[in-house]
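next comes the sequence, and after it the predicted model I'd like to discuss.
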Amino acid sequence: MVPYADFNLLRFPDKSQALEKILDLPCLTDILPTGYHGCVSAGVTTGSTVLGSGTGPVGLAAAASRWQIGPAEGRWRRPRRAAAGNPGRSMKALVRRTEDLRIGLSENSLSRTSAYNPDSPLPHEASACAMRQARPGRHIMRYRTLGDTGLLVSEICLGTMTFGGRGYWSAIGGLDQSLADRIVGRALDAGVNFIDTADVYSEGLAEEITGRAMHNCGRPRSDLVLATKVFSPTGKGVNDRGASRGHILDGIKASLRRLGTDYIDLYQIHGLDQVTPIEETLRALEDLVRQGHVRYVGVSNWSAWALMKALGIAERHGWMRPATLQAYYSIAGRDIEREIVPLLQAERLGLMVWSPLAGGLLSGKFTRDGAGPAGARRAAFDFPPVNRDRLFDCVDVMRRLADARGVSVARLALAYVLAKPFVTSVIIGAKTLEQLDDNLAAAELRLTADELTELDAVSALPSEYPGWMIEFQHSRVRLPQDRS
């Protein structure tokens, strides 16, 4: 049993002093003994700052009088005097330096998280939070709220599309139970608490493997955030698909049985049903929430207008509103930035990103002429569609930056997506432990402002209407003082 420690409090008279103090502290992991991990959070409130607003496995904190880790058994003690010449052992170390700290600056929410800019003032009544879980020799994971909810999820989510390999899905992966158990265990050890699957993956087998892997890992169910999806065909009948009330109610029963659980944390509609009224879909999801089968709801692959309509319907009826959108996004496919991202930011919805490596093309293992590794997913499943010229222009720049940092192109591509403030969690899928480890390491890779600017430029979307007209009118009509 990993011991727990309550947080102590440090208070400061104003937010600016608090941030200064936080950003001046050295790395938390420097003071962790082998085999321990911890959570740290910092919340900035009006008038004072509280450090340590929570607990966790070895919940680390600092008080005005220093705390140090005791002997080998890891007990906590208050030393009579700080060890001379050994400041790294002091519990004064709470968080990483400025360049390694992410601070959410959205009002009353942790969902919008971005790199702290010391030159930018804090918004009125802002809250600041940095939460991460660290294990010596392993990866550091950060957590973000799931949209506008209080549920914390890891910024990397483990996808399970590679589990099973039954039928059509054999082209994507065929992990058996043994390897899936190791993949899940390794991800959880790295701080991942978020797992995404779907009833359609490997014709339901992926859900079965996922459920057994969750059981085999030995973690409490409450420590895991499980997401699954309903919409795609799960049978031969004409009603064995879509987002109708009937298919949703049938789907949840089947998913709960396959996963071996009595509730789903996030139940998502896997596609936009152009036959079923959105009101019917939302009412079915609301009933599942009230029955306790589902805790939060979301959608995947929806257009901006449909998502906004769903939000309006849910608000009108007082139903559970979608908390998240799961969508394709990568440096080679930034299309959602046109209409969907502004909606997510305005309505404070979370974004779960699928295929951040564009189906493997951003792994750095493919060339412009189409050559790639044997047995690669793209050879048998050429999806999602991409502009290959623009993609390989991005790869050329990423390869140079990755070589300079000594990391893989794939890791850098994931770090780019993680750096976007509107991204809640990035879904990764792996066939091997080596691939998983490299992807997980993206959580530690912090791109510089210059690197992000260069990557934004090479991957920029071509201007489209009405975007260019809105920008034109805004600059010339709404901001006449900016005319030169």
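Noted; the coordinates are in hand.

going by C-alpha atoms from here, please, whenever you check contacts or count neighbours.
Will do.

domains of this structure?
Here the domain parsing of the chain from automatic domain parsing is 15-137, 152-458.

what's the closest of those domains to residue 143?
Taking C-alpha to C-alpha, domain 152-458 is the member of these nearest to residue 143, at 4.3 Å.

quick one: average pLDDT of that closest one?
Computed over domain 152-458, the mean pLDDT rounds to 95.

quick one: which of the domains of the chain is nearest residue 476?
domain 152-458 (20.7 Å).

for this structure, longest helix please?
Longest helix in the chain, counting residues (DSSP state H): helix 388-405.

which elements pack onto it?
Judged by 3 or more C-alpha pairs under 8 Å, 6 or more residues apart in numbering; DSSP states H and E, helix 388-405 is in contact with helix 409-418, helix 449-458.

for residue 162, find the nearest of those helices.
Residue 162 sits nearest to helix 409-418 of all the helices and strands packed on helix 388-405, at 17.6 Å, using C-alpha to C-alpha.

quick one: name whatever helix or strand follows that closest one.
Counting by DSSP states H and E, the next helix or strand C-terminal to helix 409-418 is strand 425-428.

so what strands line up beside that next one?
As defined by DSSP bridges, the strand partners of strand 425-428 come to strand 156-159 (parallel), strand 350-354 (parallel).

mind putting those strands into TSV with mean neighbour count and distance to residue 169?
Output for the strands paired with strand 425-428, formatted as TSV (neighbours: other C-alpha atoms under 10 Å; distance: least, C-alpha to C-alpha, whole Å):
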stretch	mean neighbour count	distance to residue 169
strand 156-159	26	14
strand 350-354	25	16
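
burial measure for the closest residue in space to residue 174 that isn't next to it in sequence, as a count.
Excluding the flanking residues, the one nearest residue 174 by C-alpha to C-alpha, 6 or more residues apart in numbering is residue 165, at 3.7 Å. Using other C-alpha atoms under 10 Å, residue 165 has 20 other residues around it.

what about the strands in the stretch 101-250 of the chain?
For the stretch 101-250 of the chain, applying DSSP state E, counting those that start in this stretch gives strands covering 102-104, 113-115, 132-134, 141-145, 152-154, 156-159, 194-196, 225-230.

let me have those strands in JSON lines, extended by distance to residue 325.
As requested, the strands of the stretch 101-250 of the chain are exported to JSON lines (distance: least, C-alpha to C-alpha, whole Å):
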{"stretch": "strand 102-104", "distance to residue 325": "20"}
{"stretch": "strand 113-115", "distance to residue 325": "17"}
{"stretch": "strand 132-134", "distance to residue 325": "23"}
{"stretch": "strand 141-145", "distance to residue 325": "14"}
{"stretch": "strand 152-154", "distance to residue 325": "14"}
{"stretch": "strand 156-159", "distance to residue 325": "14"}
{"stretch": "strand 194-196", "distance to residue 325": "13"}
{"stretch": "strand 225-230", "distance to residue 325": "12"}
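
for residue 379, find the nearest of those strands.
Across the strands of the stretch 101-250 of the chain, closest to residue 379 is strand 156-159 (C-alpha to C-alpha), at 20.5 Å.

could I have the closest one exported to CSV, CA atoms only?
Extracted C-alpha coordinates of strand 156-159, given in CSV (Å, rounded to 0.1, in the frame of the first residue of the first chain):
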residue,chain,number,x,y,z
ILE,A,156,-2.7,11.1,-22.6
CYS,A,157,-5.5,8.6,-23.1
LEU,A,158,-4.9,5.0,-23.9
GLY,A,159,-6.8,3.9,-27.0
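
contacts for that strand, please.
For strand 156-159, contacts defined as C-alpha atoms under 8 Å, 6 or more residues apart in numbering pick out 141, 184, 187, 192-197, 425-430, 440, 443.

winner for burial among the helices and strands packed on helix 388-405?
helix 409-418 (a mean of 24; mean count of other C-alpha atoms under 10 Å).

this protein: helices as residue ranges?
Counting by DSSP H, the chain has these helices, from start to end: 15-23, 177-189, 205-216, 245-259, 278-291, 304-317, 340-347, 377-380, 388-405, 409-418, 433-440, 449-458, 467-473.

and those, which is most packed in?
helix 409-418 (a mean of 24).

check what contacts that one and list those residues.
With C-alpha under 8 Å, 6+ apart as the test, helix 409-418 has contacts from 155, 329-331, 356-357, 362-364, 395, 398-399, 402, 423, 425-426, 438-439, 441-443, 445-447, 452.

got a ChimeraX select line for the buried ones in these?
Here is the ChimeraX command that selects the buried residues among the contacts of helix 409-418 (16 or more other C-alpha atoms under 10 Å):
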select :155,329,330,331,356,357,362,363,364,395,398,399,402,423,425,426,439,441,442,443,445,446,447
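
quick one, what contacts residue 194?
When contacts are counted by C-alpha under 8 Å, 6+ apart, residue 194 touches 153, 154, 156, 157, 158, 224, 225, 226, 227.

now residue 354
Neighbour list for residue 354: 326, 327, 328, 329, 426, 427, 428 [criterion: C-alpha under 8 Å, 6+ apart].

quick check: beta-bridge partners of it?
Where residue 354 sits in a bridge, its partners, by DSSP bridges, are residue 328.

ok, it to residue 235 distance?
In this structure, residue 354 and residue 235 are 25 Å apart, going by C-alpha to C-alpha, to the nearest Å.

do you know how far the residue lying closest to residue 262 once chain neighbours are set aside is from residue 183?
Leaving aside its chain neighbours, residue 262 sits nearest to residue 256 (6.1 Å; criterion: C-alpha to C-alpha, 6+ apart). Using C-alpha to C-alpha, residue 256 is found at 22 Å from residue 183.

what's the answer for residue 234, then?
To residue 183, residue 234 is 26 Å away according to C-alpha to C-alpha.

export the domains of the chain as JSON lines, with columns for distance to residue 146.
As requested, the domains of the chain are exported to JSON lines (distance: least, C-alpha to C-alpha, whole Å):
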{"stretch": "domain 15-137", "distance to residue 146": "7"}
{"stretch": "domain 152-458", "distance to residue 146": "6"}
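
among these, which is nearest residue 466?
Each of those has some distance to residue 466 by C-alpha to C-alpha; the shortest is domain 152-458, at 9.6 Å.
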